[in-house]
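Asks: sequence and computational prediction follow.
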Amino acid sequence: PNPPYPDTAPASEELLRRAREVIPGGVNSPVRAYGSVGGTPRFMVRGEGPWMWDADGRRYVDLVCSWGPMILGHAHPDVARAVRQAAADGFSFGTPSRREVLLAEEIVRRVPSLEQVRLVNSGTEATMSAIRLARGVTGRSAVVKFAGCYHGHVDALLASAGSGVATFGLPDSPGVPASAAGETIVLPYNDLAAVEQAFAERGQQIAAVITEAAPGNMGVVPPAPGFTEGLRRITAEHGALLVSDEVMTGFRASTAGWLGLEGVPASGAPDLFTFGKVMGGGFPAAAFGGRAEVMAMLAPEGPVYQAGTLSGNPVASAAGLATLQACTPQVYARLEEVADALTTAVRDSFGRHGIAHRVQRVGSMFSVFFREGEVRDYDDAREQDAQRFGRFFHAMLRRGVHLPPSCYEVWFVSAAHGDDAVETTVRAIEESAAEIA
Ligand code: PMP
């Protein structure tokens, strides 16, 4: 059968032309530009449940889900109601307000070992602030990060980052001063021996190790058994903090994120966490937090400065709270079902058509590598057929399924992905696999 949609998209092309006049590259975040898959990014005008509609009136199954936040699907009625109510009560006060307290309480209640959070506006702000706090607490300046992990576009954390940095094959970004990058030690993921060695050499200078709780920005690469626990042990031995970045996994991998799935390591919980995406329900809200004793170092209680005009915004807090409250066990069960159905379809169809692939998954978070064999780190992840992914992406798009436009990204599902959306996707996977074989 002929796929329903052509490769040309006149209304999106016109919007892209206008956007390029006033926005660099026509996009406000690089991966949206279809840089590695080519073609015109589709400009969306509306979303409902698992579907979104572009400016040409075409309907897609959404497997981007705003890169994670839309765990309940688009325009979920409970969240929409909470947002309308909050907006009717005023948009922002610049004073403490009620809804931010409710959101902070809900987050702390869900995550074992977490005692306090500070609300911010993006995942980038959360990791930036967590790193500053770790440096302030320890009086040290070096930071360990892992190649392929993305923690937002914080200067010190852009080195060997995944996500868009991987998609565009960028070296470390111009504009990051050597002084900022020079304090960053980049190590291969899942390699405890490398961590041991870095601490043996520079242990007294390292303020923190930051890691994605379960990486999703080089594709999904689960921590090897004992890896997280080892990080906890080594950091504790050397007086450094462990920062677990749960911006992507938080409240998605389980009610409590990755920690809820793996459990608190025998060697202890991380010192600091970062959250974003799901906890904002599609609005700009994120958080960093940890033990009260560490968080007490933040202004106004302590000397480490951190602030924000819109932090704890009441409308964003209302959206986040309503989203978390709607994230029931049934929601997580449905996410698992959808992930099961789609990963099975990929394995079946790619297998049938002889397309090299590897599916990796943590909870309902999964990604498809266009290569065979286990992917344990960034070097493994980069050894895949990105060009073939590009052809697959467009084959899917023609069939009304919008994947993330990069082979380094998670395929995000929502609990609103019903049988209709799943069947559409499964059929598109089979036809697209046949097309690119
Ligand atoms: N950390 C992780 C693990 C992420 O996945 C992301 C965003 N993809 C960020 C931090 C940065 O979040 P934001 O884009 O909201 O700044």
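Replies: Ah, there it is.
Asks: for Phe251, helix, strand, or coil?
Replies: Judged by DSSP: H, G, I helix; E, B strand; the rest coil, the three-state class of Phe251 is coil.
Asks: how close does the closest residue to the ligand within the chain get to Met218?
Replies: Minimum separation of the chain from the ligand (CB to the nearest ligand atom) falls at Gly123, amounting to 2.1 Å. All C-beta spots, glycine's among them, are computed from the backbone N, C-alpha and C. Using CB to CB, to the nearest Å, we find Gly123 at a distance of 16 Å from Met218.
Asks: for Ala207, which three-state class applies?
Replies: strand.
Asks: element containing the closest residue to it other than its chain neighbours, please.
Replies: Nearest residue to Ala207, sequence neighbours excluded (CB to CB, 6 or more residues apart in numbering): Arg140, at 4.1 Å. Remark: Arg140 resides in no helix or strand, with elements defined by DSSP states H and E.
Asks: the longest helix in the chain is where?
Replies: Identified as the longest helix of the chain according to DSSP state H is helix 329-352.
Asks: does the following helix or strand past that helix pack against any helices or strands, and if so which?
Replies: Counting by DSSP H and E, the next helix or strand C-terminal to helix 329-352 is strand 358-362. Contacts defined by 3 or more CB pairs under 8 Å, 6 or more residues apart in numbering; DSSP states H and E place strand 358-362 against helix 329-352, strand 365-369.
Asks: most neighbours per residue, which of these?
Replies: Each of the helices and strands packed on strand 358-362 was assessed for mean neighbour count using mean count of other CB atoms under 10 Å. The highest is strand 365-369, with a mean of 25.
Asks: contacts for it, please.
Replies: Applying CB atoms under 8 Å, 6 or more residues apart in numbering, the contact partners of strand 365-369 are 214, 216, 219-220, 248-249, 252-253, 339, 342-343, 346, 350, 357-361, 375, 381, 384, 407-412.
Asks: of those residues, list those near the ligand.
Replies: Contacts with the ligand within the contacts of strand 365-369, counted by CB under 6 Å from any ligand atom: Met248.
Asks: tell me which other helices or strands the longest helix of the chain touches.
Replies: Counting contacts by 3+ CB pairs under 8 Å, 6+ apart, helix 329-352 is packed against strand 358-362, strand 365-369, helix 419-436.
Asks: please state the offset of that helix from the chain centre?
Replies: Relative to the centre of its chain, helix 329-352 is centred 19 Å away, using CA atoms, centre = their mean, to the nearest Å.
Asks: that helix to strand 365-369, inter-axis angle?
Replies: Per axes from the mean of the first three to the mean of the last three CA atoms, to 10 degrees, the angle that helix 329-352 makes with strand 365-369 is 10 degrees.
Asks: what's the domain layout of the protein?
Replies: Using automatic domain parsing, the domains assigned to the chain come out as 10-63+328-436, 77-326.
Asks: which of those domains sits most buried?
Replies: Among the domains of the chain, the stretch with the highest mean neighbour count (mean count of other CB under 10 Å) is domain 77-326, at a mean of 20.
Asks: turn the domains of the chain into CSV, including mean pLDDT.
Replies: Output for the domains of the chain, formatted as CSV (pLDDT from 0 to 100):
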stretch, mean pLDDT
domain 10-63+328-436, 98
domain 77-326, 95
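Asks: among these, which comes closest to Pro4?
Replies: For those, proximity to Pro4 was assessed by CB to CB; domain 10-63+328-436 is nearest, at 6.0 Å.
Asks: pull the distance from that closest one to the chain's centre.
Replies: From the chain centre to the centre of domain 10-63+328-436 is a distance of 15 Å (CA atoms, centre = their mean).
Asks: now do the end-to-end distance for it.
Replies: Domain 10-63+328-436 has an end-to-end distance of 25 Å (CA to CA, to the nearest Å).
Asks: could you check the angle strand 358-362 makes with the longest helix of the chain?
Replies: Going by the same axes, to 10 degrees, helix 329-352 makes 170 degrees with strand 358-362.
Asks: okay, the angle between helix 329-352 and helix 419-436?
Replies: When the same axes, to 10 degrees is applied, the directions of helix 329-352 and helix 419-436 differ by 20 degrees.
Asks: middle-most residue in the protein, spatially?
Replies: Met248 (3.3 Å; CA atoms, centre = their mean).
Asks: nearest residue to that one in space, please, no chain neighbours.
Replies: Of all residues apart from its sequence neighbours, Gly216 sits closest to Met248 (CB to CB, 6+ apart), at 4.7 Å.
Asks: and Val37, which of the helices and strands packed on strand 358-362 is closest to it?
Replies: Nearest to Val37, of these and by CB to CB, is strand 365-369 at 13.9 Å.
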